[in-house]
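K.L.:
Return atomic coordinates for the entry below.
(one chain, ligands or ions: 1)
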Amino acid sequence: MGKTKIGIIGCGMISDAYFKAAQKFNILEVAACADVIADRSAQKQEAWGAESMSYEALLGRKDLEVIINLTPPLAHSKVTTDILNAGKHAYSEKPFGVDADDAAKVIALAKTKNLRVGSAPDTFMGAGQQTARKLIDDGWIGKPLAGTAIVMGRGPEKWGQAPFFYDYGAGPMLDLGPYYITSLVNMLGAAESVTAVTRRFDDFRTLGAEVSDAYKDQYKPYDKYPVTVTTHLTGVIEFKCGAVITVISSFDVYKHGHSPIEIYGSQGSLQVPDPNTFGGPVKVFRPEVGEWETVAMPFRYSENSRSIGVADMAYALRSGRKHRANGELANHVLEIMLAFDKSSKAGGKVMLETTCERPEALPLGLDEGMLPE
Ligand SMILES: NC(=O)c1ccc[n+]([C@@H]2O[C@H](COP(=O)([O-])OP(=O)(O)OC[C@H]3O[C@@H](n4cnc5c(N)ncnc54)[C@H](O)[C@@H]3O)[C@@H](O)[C@H]2O)c1
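P.N.:
Coordinates of the predicted model:
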């Protein structure tokens, strides 16, 4: 089977994870890359062998079937639209868009052009998340009734990255929420409503000392940076299956002791691993055992496999099946995330307008570097 040729737009911090992990999937070949800052794509050519070229040249290159969009959130819809208009299938980093209208336009454009659109996160295809889902599907905790999804920290000041995290289109929900909400939808299916209260506690945050090399001309360590998003979002998502999940996403918390995700069922409880990783541990509690047990993970891909969603899309393009990290899923996840601020502002429950199918579970017994045809 020949390889599917891929281009990457946006050669910043996360791109190395894609260049590296794509090498392990037999179906992928990252052939070209581009960045508005040409030095950056030139560096990736040197490091990974993908040919560095201009944005326009990459979009016009005939042999590329899928283009991955690794630009910052505010550029996502525009770049994904350009990719589709160039006649290529598009796969975007998260969030899928920063507002509902833009995301809906991208979905509609892909449909009109008969092209595929996909989006990160693809961590739900990792061994940890697939194991947690299988336990639910196989009835280990009975009917899922309730749960928690909690991602809290003191913010990105020490991550040494571009400070877009306090801009419109980011914040803890749009930046980290995609992992958590996608994990929930993968396990529980589509959601019905969100009721939330959100806060912005500070108008300015002080950047840490570790602004990355790429941004140190733009931002000085300890510069004050304006906060334009809510930084503490708390609420409840009602899923169509009946489960009620309490969510907290925050850049305002120094320390906490909660698990990333817990699901409480009619016959037991489940601790789901950090959905920002591909690994475990997965733990289950059943009353007949009386304590948490760590469950062996029978699936592949427990290590960083960012691009697994693109590999799955490449196989899907050949067989005609649906790809798992698809636009419909990402768009529903985006609507859920945006509903937190919407509900807080309105002072009440927001009924969701979008929906999606649960992505198909991965099978056991896949060979290394492979995904289902
Ligand atoms: N950094 C991480 O750890 C991480 C992890 C997971 C996901 N992500 C997501 O990946 C995306 C990129 O994040 P990053 O940390 O790599 O950001 P980054 O700022 O380091 O890199 C983005 C790159 O895109 C380029 N770019 C911007 N607009 C462009 C355009 N119109 N055309 C071509 N190039 C353009 C920039 O020059 C930059 O090199 C974001 O959506 C982020 O949420 C990042």
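K.L.:
helices and strands around the lengthiest helix in the chain, which ones?
P.N.:
Longest helix of the chain, by residue count under DSSP state H: helix 327-346. Packing contacts for helix 327-346, counted by 3 or more CB pairs under 8 Å, 6 or more residues apart in numbering; DSSP states H and E, involve helix 100-113, strand 117-119, helix 171-188, strand 191-199, strand 232-239, strand 350-351. Glycine gets a C-beta too; all of them are placed from N, C-alpha and C.
K.L.:
what's the most buried one of those?
P.N.:
Greatest average neighbour count among the helices and strands packed on helix 327-346 goes to strand 117-119 (a mean of 28), per mean count of other CB atoms under 10 Å.
K.L.:
Not counting the following helix or strand past that one itself, show me its contacts.
P.N.:
Once the chain leaves strand 117-119, the next helix or strand it forms, by DSSP states H and E, is helix 127-137. Here helix 127-137 makes contact (CB atoms under 8 Å, 6 or more residues apart in numbering) with 123-124, 141, 144, 183, 186-188, 261, 263, 265, 270, 272-275, 277-282, 284, 295, 297-302, 361-362.
K.L.:
Pull out the buried positions in helix 127-137.
P.N.:
Neighbour counts over helix 127-137 (16 or more other CB atoms under 10 Å) mark 127-136 as buried.
K.L.:
circling back to that earlier point, closest to residue 357 out of the helices and strands packed on helix 327-346?
P.N.:
Among these, the nearest to residue 357 by CB to CB is helix 171-188 (9.7 Å).
K.L.:
quick one on the thing from earlier: pull out the buried positions in the longest helix of the chain.
P.N.:
Those would be 327-344, for helix 327-346 by 16+ other CB under 10 Å.
K.L.:
okay, the most far-flung residue of the chain relative to its centre: pLDDT?
P.N.:
What lies farthest from the middle of the chain is residue 288; by CA atoms, centre = their mean that is 35.9 Å. Residue 288 carries a pLDDT value of 97.
K.L.:
Check whether it sits in a helix, strand or coil.
P.N.:
coil (DSSP: H, G, I helix; E, B strand; the rest coil).
K.L.:
Could I get the phi/psi values of it?
P.N.:
Dihedral pair for residue 288: phi -70, psi -20, per degrees, to the nearest 10.
K.L.:
can I get the buried residues of helix 127-137 in CSV with distance to the ligand?
P.N.:
Formatted as CSV, the buried residues of helix 127-137 follow (distance: CB to the nearest ligand atom, whole Å):
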residue, distance to the ligand
127, 19
128, 17
129, 16
130, 20
131, 22
132, 20
133, 21
134, 25
135, 26
136, 26
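K.L.:
picking up where we left off before, adding distance to residue 16 and mean pLDDT, write the helices and strands packed on helix 327-346 out as CSV.
P.N.:
Output for the helices and strands packed on helix 327-346, formatted as CSV (distance: least, CB to CB, whole Å; pLDDT from 0 to 100):
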stretch, distance to residue 16, mean pLDDT
helix 100-113, 26, 96
strand 117-119, 20, 98
helix 171-188, 19, 97
strand 191-199, 33, 98
strand 232-239, 30, 98
strand 350-351, 38, 98
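K.L.:
Which one, of the ones you listed, ends up nearest to the ligand?
P.N.:
helix 171-188 (5.8 Å; CB to the nearest ligand atom).
K.L.:
and the closest one, how far from the chain's centre?
P.N.:
Distance of helix 171-188 from the chain centroid (CA atoms, centre = their mean, to the nearest Å) equals 7 Å.
K.L.:
Spell out which residues of the stretch 1-150 of the chain are next to the ligand.
P.N.:
Residues of the stretch 1-150 of the chain lying close to the ligand by CB under 6 Å from any ligand atom are 9-15, 34-37, 40, 55, 70-73, 75, 79, 93-94.
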